[in-house]
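A.B. asks: Just to be clear, the model below is a prediction. Sequence and coordinates:
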Amino acid sequence: MMQTMVGNFGCRDKKRQPKPSIPKEISWLSFNERVLQEAANVRNPLLERLSFLGHFSGNLDEFYRVRVANLLRLQLSGSNSHSIEGMKAKRVVKEVQRRVLQQAELFKGVAAQLFRELEAGGILLIDEHRLDNEQAHFVHDYFQSEVRPRLVPLLCDQNKQAPDLRDQFIYLAVELLVTHRNQPIYAFIEVPTDILPRFVVLPKRGSDDCVILLEDVIRHCLGDIFALLKPIQCSAWNVTVTRDSELDIDDESSDNYMDQVHRGLRKRRTGAPVRMVYDEGLPKPFLKHLVHKMKVERDNCLILRQGFHNFKDFIRFPKLGRDQLVWKRLAPVAHPALQGCSSVLAAIAKGDILLHYPYHGFGSFVELLREAALDLHVTKIAMTVYRVSPTSNVLNALVNAARNGKRVTVVIELLARFDEENNLEWVNRLRDEGVEVITGVRGLKVHAKLCLVSRRDGKRLMRFATVGTGNFNENTAQVYTDHILMTSDASITHEVERLFEFFRSNYKVAEFQHLIVSPFRSRSYWRQLIHQEIRNARQGKPASIWIKLNNFADPKLVNELYEASQAGVQVRLIVRSMHSLVPGLAGVSDHIEGISIVGRYLEHSRFLVFCNANNPRVYITSGDWLPRNFEDRVEVACPVKDPALASQLIDYFNMQWDDTENACIWDGSLSNRRRPVAPNAILRDCHEGIRVYLASLTNQMTHGRSAPILGTPIEIPLVNGLKYRPVLADRNSEMRI
């Protein structure tokens, strides 16, 4: 069935056959299934497996709020022209629904197994029916002191409009049977998980730890809540609504941009429902009433759930002191160029520095900003912000810099989806501190990851730039893989400065010779590099392309890679989530292979390697290969000029490509099959291997030895005491493809 979802791109050139493709929404569901596989993977600690189930659920929530909402809008438009990789929106919606229900069954089985294992290990998740006397008293007292003051029951009968159920909140749909009344009374109670923890730790039962959900605490005390109505029976079922998250922003409007965002956020709370999940047992008359009142599309939006709602909250399931059930916290690897240095700026002045998160600590970037805030010779600091922590150490350092008289400019993208409110708050806080704040660029999302420090010592002006693949966020930097290049190379820093000038004055569009900037020339630049590899292949020269991205579904570049494959270019793709290219098709993509990696860390880094006849050209980039990243966003890719740093990324790719523990084969059937591993084969976990590899670089340089000679193996301890021996790419010989 999966194979039947491979469609065709529309192609204006009638002489060319349309190429096979996969709807990106379907490929994304395949990615989320890999997250579910990690929840079932016994190699992962038990509570981490529970967390993977939470990530699966949270991913699916966002998928409905964004992707499914968009599909439904296309479907409702009634236009036959709307298609997704050659397929009508209606067909994709049906396939999404089928796969979601299929995955729900898989989820149910994995969750049941995990809860059995938790119970066997002395961790009990109990409901209101399984409380012993001591726990029942505890729950009643907790309800009266903490929960009841925060509840506002909403009555809903046949003559009243259904209340606006808030997006992503759990509601108890309550049915009350009252004496001398023929019809039941319906009511809703919002479970206040925005104020109180979802999980309440109960008194132990013997040696067992016991936990109850907040909604079950409320369910236990329903009689107290509705005592005035004197019900003879109270029953409650969970209901959750997911709403369209699209903000209605008019770029041509003369209204204040921030005001538009504020209004859009208010409207989002009551956006059209795209999914309603309800418990088994919810009475049919109550369900019918609710569906009618909320105008829910029954065929596409109703999902019966037999397990827990908002399972994403299980990411924060209490650890209960069970350290053996979670991953051991790992200390960051020291970077050889920064170890023991008193000045980050001085270290960058000596040569480019490449940081690999989360293996290297994010603290070195924060230290760069703190140093710049105090350095008497630093005059200006500029940075782009897409997603940051609500208590961001990064932005707090910039506030200190402004207080110290530096000219600080922050470009904040207001429309970073689901981070809009946090970014709006930071706009006001930064402006109050005298920071120049630019709220993005009308018509374009600023997704580039840039920071620029200008330092003037006498007549000498020196700039320091950081160009990254991920957000300047100290929280996500602990679990997302990303790269940051720190450089004082004038050719790069000068163009970063010109880009900040563009942010201030959008009509001043500069030409960029070194940075590859969307929406100005990114797609055309990558196309040129692909065609250079095609020419090399046809001339018998080494030709290969390595691409590591989060998403790849740009039809034009997919077609370019098909052409490269047909010319004999060896293409390797590591793509985490959405993709539309189909590898391994005879005569179309014979020379294209792809994998996806899901493991301990979220693969977020983006970089590209072009063989260039054995003189590799290596780039890091902030943008995936999707139409929006080339046309509707400001993205920046940067060449990695230092050969040693370029080699690190080549080695990084090699170690990920050789992974046997976290990688799945990417194929047209979306099978998510693992690479076959021989019984006595060496097991390779790239997340462990990269950490040891980076530590070995630091160790050798710290002890006065140079970095490893390219082409020599390093022994890396891995799973079950086995050894992994990655071979570092020799840049003087053919790239290891």
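C.D. replies: Nice, thanks for sending it over.

A.B. asks: which other helices and strands contact the helix or strand harbouring residue 355?
C.D. replies: Element membership of residue 355, judged by DSSP states H and E, is strand 353-357. Secondary-structure packing of strand 353-357 (3 or more CB pairs under 8 Å, 6 or more residues apart in numbering; DSSP states H and E): strand 480-487, helix 643-657. (Glycine included, C-beta is placed from N, CA and C.)

A.B. asks: please redo it, this time with the cut-off set to 10 Å
C.D. replies: Strand 353-357 sits against helix 363-374, strand 460-468, strand 480-487, helix 643-657, helix 686-702, with contacts defined as 3 or more CB pairs under 10 Å, 6 or more residues apart in numbering; DSSP states H and E.

A.B. asks: List the strands paired with whichever helix or strand comes after the first one, with their directions.
C.D. replies: So that's helix 363-374. On the C-terminal side of helix 363-374, the closest following helix or strand by DSSP H and E is strand 378-385. Its sheet considered, strand 378-385 pairs with strand 407-412 (parallel), strand 450-457 (antiparallel) by DSSP bridges.

A.B. asks: Single out the most deeply packed of those strands.
C.D. replies: Highest mean neighbour count of the strands paired with strand 378-385: strand 407-412, a mean of 22 (counted as mean count of other CB atoms under 10 Å).

A.B. asks: what's downstream of that strand, the next helix or strand?
C.D. replies: The helix or strand immediately downstream of strand 407-412 is helix 420-432, counting by DSSP H and E.

A.B. asks: pLDDT score for residue 260?
C.D. replies: On pLDDT, residue 260 comes in at 76.

A.B. asks: so it touches residue 247, yeah?
C.D. replies: Yes - using CB atoms under 10 Å, residue 260 is in contact with residue 247, at 8.2 Å.

A.B. asks: list residues touching both of the two?
C.D. replies: Residues touching both residue 260 and residue 247 (CB atoms under 10 Å, 6 or more residues apart in numbering): residue 414.

A.B. asks: circling back to that earlier point, out of the helices and strands packed on strand 353-357, which gets nearest to residue 72?
C.D. replies: Smallest distance to residue 72 across the helices and strands packed on strand 353-357 (CB to CB): 30.1 Å, for strand 480-487.

A.B. asks: So in that sheet, which strands flank the closest one, and in what orientation?
C.D. replies: Strand 480-487 sits in its sheet next to strand 353-357 (antiparallel), strand 460-468 (antiparallel), strand 602-603 (parallel), going by DSSP bridges.

A.B. asks: To residue 102, which of the ones you listed lies closest?
C.D. replies: Per CB to CB, nearest to residue 102 of these: strand 602-603, 24.2 Å.

A.B. asks: Skip ahead from the closest one and say which helix or strand is next.
C.D. replies: Following strand 602-603 toward the C-terminus (DSSP H and E): strand 607-610.

A.B. asks: ok, that next one: who's next to it in the sheet?
C.D. replies: Assessed with DSSP bridges, strand 607-610 is paired to strand 544-549 (antiparallel), strand 617-621 (antiparallel).

A.B. asks: now those strands as TSV including mean pLDDT, distance to residue 181 and mean neighbour count?
C.D. replies: Converted to TSV, those look like this (pLDDT from 0 to 100; distance: least, CB to CB, whole Å; neighbours: other CB atoms under 10 Å):
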stretch	mean pLDDT	distance to residue 181	mean neighbour count
strand 544-549	98	60	25
strand 617-621	98	65	22
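
A.B. asks: Let me have those strands in JSON lines, extended by distance to residue 112.
C.D. replies: Shown next, in JSON lines, are the strands paired with strand 607-610 (distance: least, CB to CB, whole Å):
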{"stretch": "strand 544-549", "distance to residue 112": "35"}
{"stretch": "strand 617-621", "distance to residue 112": "42"}
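
A.B. asks: among those, which is nearest residue 393?
C.D. replies: For residue 393, the closest of the strands paired with strand 607-610 is strand 617-621, at 23.0 Å, according to CB to CB.

A.B. asks: Tabulate the CA atom coordinates of whichever helix or strand comes after the closest one in PDB.
C.D. replies: Toward the C-terminal end, the helix or strand that comes next after strand 617-621 (DSSP H and E) is helix 627-631. As requested, the backbone C-alpha atoms of helix 627-631 are provided in PDB (Å, rounded to 0.1, in the frame of the first residue of the first chain):
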ATOM      1  CA  PRO A 627      10.400  25.400  -1.500                       C
ATOM      2  CA  ARG A 628       9.700  27.700   1.400                       C
ATOM      3  CA  ASN A 629      13.400  27.700   2.400                       C
ATOM      4  CA  PHE A 630      14.400  29.000  -1.000                       C
ATOM      5  CA  GLU A 631      11.500  31.300  -1.700                       C
END
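
A.B. asks: Need the phi and psi values for residue 231.
C.D. replies: Main-chain torsions, residue 231, degrees, to the nearest 10: phi -70, psi 150.

A.B. asks: who's it bridged to?
C.D. replies: Legend: beta-bridge partners of residue 231 under DSSP bridges are residue 178.

A.B. asks: Just the element for residue 328, please.
C.D. replies: Residue 328 belongs to no helix or strand, assigned by DSSP H and E.

A.B. asks: Verify the contact between it and residue 688 for me.
C.D. replies: No - counting by CB under 10 Å, residue 328 stays clear of residue 688, with 11.6 Å between them.

A.B. asks: more neighbours, these two?
C.D. replies: residue 688 (22 against 7; other CB atoms under 10 Å).

A.B. asks: about what we covered before: single out the most deeply packed of the strands paired with strand 480-487.
C.D. replies: strand 353-357 comes out most buried of these by mean count of other CB under 10 Å, with a mean of 23.

A.B. asks: For that strand, the averaged confidence score.
C.D. replies: On average, strand 353-357 scores 98.

A.B. asks: again, but for stretch 115-130
C.D. replies: For stretch 115-130, mean pLDDT is 96.
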